[in-house]
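# quick one, structure for this:
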Amino acid sequence: MPNNNYSEELNAVLTDAKAIALQYHYTQIGVEHVFLAILRYPEQSMTKQILAGFSVNLEKLTYDLETLLSDNEFPDAEQPAQIDYT
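Okay, here's the model as predicted:
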């Protein structure tokens, strides 16, 4: 459910972070899910600009985060109906 106190972009990122957590079978939404959602966000965000300014390879970072998430220790864990941010 979107939070009316947040921008449209932040609500979109948080919604995507939740979907990412569920996709990788996590029971909570963590920083890694939010960060990956930011990296996947189609617009050029301030975060992407800052990272690019430090010559961070955004494609490799995205790949590395996806790899990290796919190494979930409990991929068969039962998914709760509601997951929360940690």
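# low pLDDT regions in this structure?
Filtered on pLDDT under 70, the chain yields the residue ranges 1-2, 73-82, 84-86.
# could you pull out the strands for it?
Here the chain has its strands, by DSSP state E, at 28-29, 84-85.
# partners of the first one in the sheet?
Within its sheet, strand 28-29 is paired with strand 84-85 (parallel), according to DSSP bridges.
# who touches the lengthiest helix in the chain?
Secondary structure of the chain per DSSP state H: the longest helix is helix 8-23. Helix 8-23 has contacts (CB atoms under 8 Å, 6 or more residues apart in numbering) with 2-3, 6, 27-30, 33-34, 36-38, 40-41, 43, 45, 69, 79, 83, 85. In short, each C-beta sits where N, CA and C put it, glycine included.
# report the buried members of those residues.
29, 33-34, 36-38, 69, 83 (16 or more other CB atoms under 10 Å).
# what's the most distant pair in those residues?
Based on CB to CB, the longest span within the buried ones among the contacts of helix 8-23 runs between I38 and I83 and measures 18.3 Å.
# what sits up against stretch 45-64?
Under CB under 8 Å, 6+ apart, the answer for stretch 45-64 is 9, 36, 38-41.
# switch to 7 Å and redo it
36, 38-39 (CB atoms under 7 Å, 6 or more residues apart in numbering).
# okay if I get those residues as CSV plus distance to F54?
As requested, the contacts of stretch 45-64 are exported to CSV (distance: CB to CB, whole Å):
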residue, distance to F54
L36, 18
I38, 15
L39, 14
